[in-house]
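> predicted structure and sequence below. I'll ask about it afterward.
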Amino acid sequence: MREDLGATYTRNLHKWLVIGPLVGVAAGLLITLVAVATLHKLWPAMFAFYLRHHWAIIPGLAVSLAAVGWLMQRFTPDPNEHSTEEIIQSYHEHGGELDLRSVPVKLLASVMTVGLGGSSALEGPSIYGGAAIGSWLWSRLRSLKRLGLTDRDRRIMLICGAAAGMSAVFRAPLTGVVFALEMPYKDDLAHEALLPSLIASVVSYFTLGALVSSEPLFNFATQGMYTMHDLLWCAVLGAVVALIAMTFVITFRHARRWVVRQAAPLWMKLGIGGALTGLCGVLFLLIYPGSMVPIGPNYEAVESILRESHTSLELAVFAVFKLAATTFTLAAGGVGAMFVPMFLTGGAVGIIFSQSVVHSSFVGLYAVVGMASFIAAAYKAPLAAVVFVAEVTGGHAYLIPALIGAAVAYAISGDASISGDQRVSALPEETVVKEALPAQDVPATLTTL
């Protein structure tokens, strides 16, 4: 019996029943604070002000993002390293260790970037904040011998915290798990973090739900009906979105590298980026006056696009300005991420495709497929993309079409990814190369992809 029990509990998984809830509660509380401060307090006030005073958008964003740049440059060792990129780099290169002294400053900078009008989203700081909690808890719990934490467990707790952060900010626990596991790789998963991520994500979700709400962020009605004809069109839409996403990703990566190479101080770079972001908002308002503006977190624009009627031309112009504004904000050094900008752009492209190409009455179907396809192509996270769209929109009836579109987009977009630190596989790099190429084509000295 002792031998059987020893073989059964070799991996000591039961420790995660204690650690997972701790990470989930701590991350849930932190991300609730960040989300409420940004989405319920700061951005609504700024958004209302900008709608009343269009002239203030450009100078307001220039000053706001310049302040973010000064904060990052003054109080962080490397102002160009933050959000999701820092977590992926820490996972692969630093054993899950983060510089915890910079965490408060980077979270404040993210609240300012998003809440003051930068075209960005909160999943980056939420993943970063949750991961920081996981890494910090590892250093505090390591001394408890009964838990048996190892150096490898720090990487697991990093991913576990990232999953909890993602789960809380989007009220989507399954998305948190899947995205955190897909995040480090383009073609693989961080399998070892599955159980703690599941536990932490659910606990984090309920923590935020108890304090705010557990309703889907962008709930909209789905008809649940589609034909084989629609599925074929969804595959075509996935291919179209993949090409758009590839163009955006490559453009953004070039712009980011160019900005980093410039000798100007970060506050100046971000001030210019803020002014250009504001220019995108003002130009769109001049063309299409109203309450839909391609700046800020744009949750209200998601609701507008999903629930209201817009012409294909208006949606196309909005998508172009939204991607441009996101590039100006984040390539210049803004602290945030782009899940919602991609989600929003994919939805707009999907509706354009439905109205102008398919002429279908199932607009919601193509919006969902466009959203999932854009995220799958740009983030190299097809499963998370589909689950995310289903959870945050309530569009579970469109899972199959979304899977088809996401798979096609993922395949056509190749290795183009918004993240420069993602690796292809968890396998040793030499193994991946040898599997991908004939043996005679692999140089003996090749050690990296």
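Looks like it arrived, so ask away.

> hang on, isn't residue 16 packed against residue 203?
No: Residue 16 is not in contact with residue 203 according to Cβ atoms under 8 Å; the separation is 11.6 Å. In short, each C-beta sits where N, CA and C put it, glycine included.

> now the strands for the protein?
For the chain, applying DSSP state E gives no strands.

> so where's it uncertain?
Applying pLDDT under 70 to the chain flags residues 2-12, 219-224, 394-395, 420-422, 425-449.

> apply 50 and report the result again.
Filtered on pLDDT under 50, the chain yields the residue ranges 9, 429-449.

> domain map for it?
The chain breaks down by automatic domain parsing into domains covering 13-211, 228-412.

> and residue 419, which of those is closest to it?
Each of those has some distance to residue 419 by Cβ to Cβ; the shortest is domain 13-211, at 6.0 Å.

> what about the closest one, start to end distance?
30 Å (Cα to Cα, to the nearest Å).

> how far away is the residue nearest to residue 225 when sequence neighbours are not counted from residue 354?
Of all residues not flanking residue 225 in the chain, residue 362 sits nearest, at 7.1 Å (Cβ to Cβ, 6 or more residues apart in numbering). Residue 362 is 7 Å from residue 354, where distance means Cβ to Cβ, to the nearest Å.

> tell me which of these two has more neighbours.
Taking other Cβ atoms under 10 Å, residue 362 and residue 354 do not tie; residue 354 has more neighbours (24 against 20).

> for the chain, longest helix please?
With secondary structure taken from DSSP state H, the chain has its longest helix at helix 228-261.

> show me what that helix is packed against.
With contacts defined as 3 or more Cβ pairs under 8 Å, 6 or more residues apart in numbering; DSSP states H and E, helix 228-261 has these neighbours: helix 312-331, helix 339-353, helix 363-379, helix 399-412.

> what would those look like in a markdown table with distance to residue 75?
Listed next are the helices and strands packed on helix 228-261 as a markdown table, based on distance: least, Cβ to Cβ, whole Å:
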| stretch | distance to residue 75 |
| --- | --- |
| helix 312-331 | 20 |
| helix 339-353 | 26 |
| helix 363-379 | 29 |
| helix 399-412 | 38 |
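
> with adjacent residues omitted, what lies nearest to the most centrally placed residue in the chain?
Geometric centre of the chain, nearest residue: residue 339, 3.9 Å, by Cα atoms, centre = their mean. Setting aside the residues directly before and after it, residue 339 is nearest to residue 123 in space (Cβ to Cβ, 6+ apart), at 4.5 Å.

> and the one you found, how many neighbours?
When neighbours are defined as other Cβ under 10 Å, residue 123 has 26 of them.

> swap in the one 4 residues further on?
Here the number of neighbours of residue 127 (other Cβ under 10 Å) works out to 31.

> now do the contacts for it.
Residues in contact with residue 127, defined by Cβ atoms under 8 Å, 6 or more residues apart in numbering, are 83, 84, 87, 162, 165, 166, 180, 183, 337.

> picking that back up, which of the residues in the longest helix of the chain are buried?
230, 233-235, 237-242, 244-246, 248-249, 252-253, 255-256, 259 (16 or more other Cβ atoms under 10 Å).

> between helix 339-353 and it, find me the angle.
140 degrees (axes from the mean of the first three to the mean of the last three Cα atoms, to 10 degrees).

> okay, angle between helix 228-261 and helix 312-331 too, please.
Between helix 228-261 and helix 312-331, the angle comes out at 30 degrees (the same axes, to 10 degrees).

> how near is the nearest residue to residue 402 once chain neighbours are set aside to residue 383?
For residue 402, ignoring the flanking residues on the chain, the nearest one in space by Cβ to Cβ, 6+ apart is residue 372 at 4.1 Å. Counting by Cβ to Cβ, the gap from residue 372 to residue 383 is 10 Å.

> residue 291 too?
34 Å.

> and what of residue 340?
For residue 340, the distance to residue 383 - Cβ to Cβ - is 19 Å.

> so these two - more neighbours on which side?
Neighbour comparison, residue 340 and residue 383: the larger count goes to residue 340, with 28 against 21 (by other Cβ under 10 Å).

> residue contacts, the more buried one?
Contact partners of residue 340, counting by Cβ under 8 Å, 6+ apart, are 121, 123, 297, 298, 299, 302.

> between these, which sits nearest residue 37?
Closest approach to residue 37 among the contacts of residue 340 (Cβ to Cβ): residue 297, at 12.4 Å.

> surely the closest one and residue 35 touch.
No: counting by Cβ under 8 Å, residue 297 sits too far from residue 35 to count as a contact (10.0 Å).

> quickly list what's touching both of those two.
Shared between the contact lists of residue 297 and residue 35 (criterion: Cβ under 8 Å, 6+ apart) are residues residue 122.

> how many residues are close by the residue lying closest to residue 36 once chain neighbours are set aside?
Of all residues not flanking residue 36 in the chain, residue 212 sits nearest, at 6.7 Å (Cβ to Cβ, 6+ apart). Look at residue 212: counted by other Cβ under 10 Å, it has 15 neighbours.

> ok, now the one 3 residues further on?
If you count neighbours by other Cβ under 10 Å, residue 215 ends up with 10.

> could you find the closest non-adjacent residue to it?
residue 171 (7.1 Å).

> what's the answer for residue 174, then?
Closest to residue 174 by Cβ to Cβ, 6+ apart is residue 387, at 5.0 Å.

> hang on, that neighbour packs against residue 178?
Yes: judged on Cβ under 8 Å, residue 387 makes contact with residue 178 at a distance of 5.3 Å.

> quick check: residue 135 vs residue 144, distance?
Residue 135 sits at a distance of 16 Å from residue 144 (criterion: Cβ to Cβ).

> tell me which of those two has more neighbours.
The neighbour comparison of residue 135 against residue 144 (other Cβ under 10 Å) goes to residue 135, with 25 against 11.

> what about the residue nearest to the more buried one when sequence neighbours are not counted, how many residues nearby?
Closest residue to residue 135 apart from its sequence neighbours, by Cβ to Cβ, 6+ apart: residue 98 at 4.9 Å. Per other Cβ under 10 Å, the neighbour tally for residue 98 reads 23.
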